[in-house]
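J.: below are the sequence and a predicted model; questions follow.
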Amino acid sequence: MFAIRDAVDDIERLSWQSSLFSEGHDETRPPIERINLDGDSWVDFAPAWLSSTDAVFDHLLHTLRWEQREMAMFQKVVWQPRLSGEASEADVPAPLRSALLEIGDRYELSFDHYFANLYRDGQDSVAWHADKIGIMSQEPLVVIISMGATRTFCLRPKLGGETQRFTVTHGDLLVMGGRCQHDWEHSVPKTAALVGPRISFTARHMKDAN
Ligand SMILES: O=C(O)CCC(=O)C(=O)O
């Protein structure tokens, strides 16, 4: 059984200043570009897609119930090197809610699962993995909105091959689709750069996945 630690007190120790970041787009959303990873898997990416990103970051940072979870690694149990927070519909601030509605319309999907990850600094990370939603659905969509520090989001084919790297920063939208969760793995590696906190807010459709 893995332990879960309440990490709300960690938030006070983070060095986050909203004025360090730009606010994303003004009125119209930037275009979303499709990057085909192979014939079956793709990533849709748009920089600065979210509006009021500072306010959304601040809201999530101070209102979500952040936790740190244990995980198994090389036969040992260790703390995950990041915090996570489940989010309900009510936890999603208005600019993010309207962004998610637009994304849902675009992909003809309604989201029923929200989850946020908080990388406190460059030493926080997530190792190579594919989302388990891939077991339930042929072509699951995983929506990630990045806020805060700039980090690298990596994707590599499960059967070996070149790693694709995306620089993700404040307000960026990245959607993994097609057979991404079946055929590819993703990660956010540690960085030696002195970076502040980053939140990745993820949205998925889990119910009735077939
Ligand atoms: O933080 C990110 O951008 C990646 C999140 C992720 O891989 C996950 O939660 O499964």
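T.: Received the coordinates, thanks.
J.: which helix in the protein has the most residues?
T.: If you go by DSSP state H, the chain has its longest helix at helix 94-107.
J.: quick one: name the residues of this protein near the ligand.
T.: N117, V126, D131, I144, F153, H186, V188, S200, T202 (CB under 6 Å from any ligand atom). The C-beta positions use only the backbone N, C-alpha and C, and glycine is treated the same way.
J.: re earlier: so what strands line up beside the next helix or strand after the longest helix of the chain?
T.: As assigned by DSSP states H and E, the chain's next helix or strand after helix 94-107 is strand 113-119. Sheet pairing here is set by DSSP bridges, and for strand 113-119 it gives strand 83-87 (antiparallel), strand 198-204 (antiparallel).
J.: just put those strands in CSV and tack on mean pLDDT.
T.: Listed next are these as CSV, based on pLDDT from 0 to 100:
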stretch, mean pLDDT
strand 83-87, 95
strand 198-204, 97
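J.: about what we covered before: what's the mean pLDDT across the longest helix of the chain?
T.: Average pLDDT, helix 94-107: 95.
J.: would you indicate which residues of it are buried?
T.: Going by neighbour count (16 or more other CB atoms under 10 Å), the buried part of helix 94-107 is P95, L96, A99, L100, I103, G104.
J.: how far away from the center of its chain is it?
T.: Centroid displacement of helix 94-107 relative to its chain, using CA atoms, centre = their mean, to the nearest Å, is 15 Å.
J.: what's the closest non-adjacent residue to Q164?
T.: Excluding its sequence neighbours, the residue lying closest to Q164 (CB to CB, 6 or more residues apart in numbering) is L155, at 4.7 Å.
J.: hang on, that neighbour packs against V188?
T.: No. Under the criterion of CB atoms under 8 Å, L155 is not in contact with V188, lying 10.8 Å apart.
J.: residues contacting Q123?
T.: P81, K190 (CB atoms under 8 Å, 6 or more residues apart in numbering).
J.: please consider this matter closed, and thank you.
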